[in-house]
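Novice: pasting the sequence and the predicted model now:
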Amino acid sequence: MDSEKRCSVRLLVFGASLRQGSMNDRLASLAATVASEKGATVERATMTDFECPPYDMDVELSAGIPAGAQALHDKLISVDGFMIASPEYNASMPGVLKNTIDWVSRFRPQPINGKQAYLMAASPSMTGGKVGLWALRQPLEHLGARTYPDMFALAQAHHAFNDAGRIADTKLQSWFEMTIECFIDLVEASKHYPHLKKQWVEFLGERPDEETTRVEAGETAAV
Ligand SMILES: Cc1cc2nc3c(=O)[nH]c(=O)nc-3n(C[C@H](O)[C@H](O)[C@H](O)COP(=O)(O)O)c2cc1C
């Protein structure tokens, strides 16, 4: 699609590693560059912006939701979608990312609901961290994110980037750019044709109840 004709698409892009020199942060930077080139407005962040103490309901009730989760919430409500480049730890997502997702899930309205999501991973392994992305899909989709079907896993990431920060394998770089453009097209389409399902119900069959507090009050919609 001609990016000049695009309606505004706002994306949050971050890597989910805390360490300096993270390969996933490099991949997030590349994704942010490509998304900008394809016409999106990009908000860049790092996992350190969103770091939270371990989720504890006693802490939530006494001290409220921590600043890291508040920061992610505030960014999410200002965008149409988000792109995460996440490390794979032991065939799953990093605990720090799941922990922040758990804290963010406590806001009402719950800000992940209805957002478009694109998942990426970078790893020195041959599988590129793809298994961890399947684990990451689960809480995101549970929370109502519309997760893009293709996920990008950069294998042997320690050798994958060139000096310009692009993927040295030009075919892989082209494929990466194409899928990001398709993702942005989908985000744009979702703004023109919003899905009927707006209300987030964590467990089908639940109704608003003080005990569960998991159902958002809102207009009735197809669920
Ligand atoms: C605790 C731990 C578990 C890991 N488990 C996996 C794994 O299951 N699969 C994999 O591909 N890499 C695994 N790795 C290697 C990471 O992919 C590698 O450290 C990578 O550089 C982390 O991403 P980052 O560079 O963005 O920090 C693991 C690393 C650590 C520290």
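Specialist: Okay, I see it. Numbers count the residues shown, from 1 in each chain.
Novice: what's stretch 86-98 in contact with?
Specialist: Defining contact as C-beta atoms under 8 Å, 6 or more residues apart in numbering, one finds that stretch 86-98 is touched by 15-18, 22-24, 47, 51, 84, 119-123, 125, 127, 129-133, 135-136, 139. C-beta: built from backbone N, CA, C; applies to glycine.
Novice: can you say which of those are buried?
Specialist: Buried residues within those, defined by neighbour count using 16 or more other C-beta atoms under 10 Å: 15-18, 22-24, 47, 51, 84, 119-123, 125, 129-133, 135-136, 139.
Novice: near the ligand, from these?
Specialist: When the buried ones among the contacts of stretch 86-98 are filtered against the ligand using C-beta under 6 Å from any ligand atom, the residues retained are 17, 22-24, 122-123, 125, 129.
Novice: show me those residues that map onto strands.
Specialist: Per DSSP state E, strands hold the following members of those: Ala122.
Novice: next, format the ones next to the ligand among the buried ones among the contacts of stretch 86-98 as a markdown table and append distance to Gln173.
Specialist: Compiled in a markdown table, those are given as follows (distance: C-beta to C-beta, whole Å):
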| residue | distance to Gln173 |
| --- | --- |
| Ser17 | 21 |
| Ser22 | 20 |
| Met23 | 16 |
| Asn24 | 17 |
| Ala122 | 14 |
| Ser123 | 18 |
| Ser125 | 20 |
| Gly129 | 18 |
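Novice: out of the ones next to the ligand among the buried ones among the contacts of stretch 86-98, which is nearest to Met178?
Specialist: Out of these, the one with the shortest distance to Met178 is Ala122. That distance is 18.3 Å, counting by C-beta to C-beta.
Novice: mind listing what's buried in the longest helix anywhere in the chain?
Specialist: Using DSSP state H, we find that the single longest helix of the chain is helix 170-192. When neighbours are counted by 16+ other C-beta under 10 Å, the buried residues of helix 170-192 are found to be 173, 176-177, 179-184, 186-188, 190.
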